[in-house]
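Colleague: structure of the sequence below:
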Amino acid sequence: AGPVGIAIGAVVAALGAMKAAVGLAVDAVKLVIDVSMKAVKVFGSLTAAVVAFGTAATVNFAKFESAFAQITTLLDDASGSPALESLSDQLRGLMTEFGVNMPTATKAMYDAISAGVSQVGVIGFLETSFKMAAGGAATAKHATDLLTSALNAFSTTGLTAQHASDVLFQTVKFGKTTITELASSFGQVGPIAAATGVTIEELGAAMAALTSTGLSSAEASTQISALLGNIMKPAKEGGAALKAYGITMKEMRKPSVGLAGILERFRAATNNGAEGFDRLQLKIRAAKAVIGLTNTGYDKFKESLEGTKDSTGAAEAAFSKMEETLVFKFNSIKQTAIDTFRAIGEQVAPAAKKGLNALGDFAENTRIEFKGLVSVIEDEFGSQIQAVMSTVFGNLSSGSGLVTVAISALSNALKATGQAIINFQSQIAQIVV
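Modeller: Residues are numbered from 1 along each chain as shown. Predicted coordinates:
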């Protein structure tokens, strides 16, 4: 091989090496593209996950924000004020501490303020209410209902939520009732008890004694109400007999007498609730209450009264036992996690609101522009459009319009095409033959 052949061989070898290098480069580019696409997919998935997380957190915060906004409608402070921000933070703190979910907690605050609890005192009230719910195996709603009923009924006595909670826990302890049952029935008897001078301790003891005899809380409330009503407004003939034994509302209002002293006088008037009811002219349910509290349930009434009068710390003791349970701890951890999630949503919310405002502005501007476009079309072409539509629909109704003519022409064209095909087939047949 001469110099030319050697040169050609070198060129061929170089081209081969170049081809191999190009192949490697192509493979490398494919690898980079493949890795990049996978990275894009992973990044896209992560981005979607982050967006979904942020959206869910924002929605969670938005629900709390909406529920709390309803509470603020009952208050005088302006939206966004430091006082309301503090109230919101304190409520969320109670939710995590006691494991109470958002709908329940916000509803409890709303109900408490509606019932007359002040903005300054509502957090302390809810703390007592949530402890009562946990210690009494009740819902926050029932605990709140019961406490507000008690506070409203005995408002003139200076009753506090804490003392009411303690007395009511002793009522449950000494009777056969629950916080939930008391919540349903206390409103029936509390107001008349307070109006006739009966203390909450005496009322709790009477409820405990009657429910211990087998009565429901509702029936016990009804009987006590009937008895107090009979003392407040006795029958004409029975009033004199009751007065002879010192059984009057004036006497019952005396701190030295009270309901306990009146029951002692009923025992004297009825031989310990066994006879003599005819001359007292009591209503049936009032008489049943006297029998239950002066006969079969008298000892229980005295025992319960000692318990309700010495009730300090009863609610806290019950709560202390319940807060050590797994269920309570789990609920607290759960609400803490949810509130952390909600706090993230709170940070994202301003950007979300800005985006929604922009979207709203866009929708409104689009609506205005579209409305303007329609108006222009109506102004510029309205008469022409009406004329065309009138002609079209007029011709359609008469059967001799443009549409009918067009359909007729199309039909004729199809017929002509069909005839042409038949003629073509005939000519082909003649050739074949």
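
Colleague: which SSE is residue 289 in?
Modeller: Per DSSP states H and E, residue 289 falls inside helix 284-291.

Colleague: buried residues in that helix?
Modeller: 285, 286, 287, 288, 289, 290, 291 (16 or more other Cβ atoms under 10 Å). All C-beta spots, glycine's among them, are computed from the backbone N, C-alpha and C.

Colleague: need those residues in a markdown table with distance to residue 98 and pLDDT, can you?
Modeller: Formatted as a markdown table, the buried residues of helix 284-291 follow (distance: Cβ to Cβ, whole Å; pLDDT from 0 to 100):
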| residue | distance to residue 98 | pLDDT |
| --- | --- | --- |
| 285 | 39 | 94 |
| 286 | 41 | 94 |
| 287 | 44 | 94 |
| 288 | 40 | 94 |
| 289 | 37 | 95 |
| 290 | 42 | 95 |
| 291 | 42 | 94 |
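
Colleague: how far does stretch 115-123 sit from the chain's center?
Modeller: 20 Å (Cα atoms, centre = their mean, to the nearest Å).

Colleague: which element is the residue most central in space within the chain on?
Modeller: Nearest residue to the geometric centre of the chain (Cα atoms, centre = their mean): residue 103, 3.2 Å. Assigned by DSSP H and E, residue 103 belongs to helix 102-114.

Colleague: same deal with residue 221?
Modeller: helix 217-232.

Colleague: so which bits of that helix are buried?
Modeller: Those would be 217, 219-228, 230-231, for helix 217-232 by 16+ other Cβ under 10 Å.

Colleague: could you do stretch 97-108 as well?
Modeller: Buried, per 16+ other Cβ under 10 Å, within stretch 97-108: 98, 99, 100, 102, 104, 105, 106, 107, 108.

Colleague: distance of the nearest residue to the third one once chain neighbours are set aside from residue 127?
Modeller: Which is residue 100. The shortest distance from residue 100 to any residue other than its chain neighbours is 5.3 Å, reached at residue 140 (Cβ to Cβ, 6 or more residues apart in numbering). Between residue 140 and residue 127 the computed distance is 11 Å (Cβ to Cβ, to the nearest Å).

Colleague: same question, residue 249
Modeller: 37 Å.

Colleague: repeat for residue 275
Modeller: 50 Å.

Colleague: okay, these two: which has more neighbours?
Modeller: It is residue 127, of residue 275 and residue 127, that has more neighbours when counted by other Cβ atoms under 10 Å, with 17 against 9.

Colleague: quick check: the gap between the more buried one and residue 143.
Modeller: Counting by Cβ to Cβ, the gap from residue 127 to residue 143 is 11 Å.

Colleague: same check on residue 103?
Modeller: 15 Å.

Colleague: can you check residue 188 too?
Modeller: 18 Å.

Colleague: same thing with residue 110?
Modeller: Residue 110 is 15 Å from residue 143, by Cβ to Cβ.

Colleague: between those two, which one's more packed in?
Modeller: Set residue 110 next to residue 143 and count neighbours by other Cβ under 10 Å: residue 143 wins out with 28 against 19.

Colleague: now for the more buried one: which residues touch it?
Modeller: 129, 130, 132, 133, 136, 179, 183 (Cβ atoms under 8 Å, 6 or more residues apart in numbering).

Colleague: go on, residue 229?
Modeller: 192, 283, 286.

Colleague: what comes up buried for stretch 130-147?
Modeller: Result for stretch 130-147 [16+ other Cβ under 10 Å]: buried residues 130-136, 138-147.

Colleague: please apply the same query to stretch 193-205.
Modeller: 193, 194, 196, 197, 198, 199, 200, 201, 202, 203, 204, 205.

Colleague: what do you get for stretch 308-317?
Modeller: 308, 311, 314, 315.

Colleague: mind checking which of those residues are in helices?
Modeller: 308, 314, 315 (DSSP state H).
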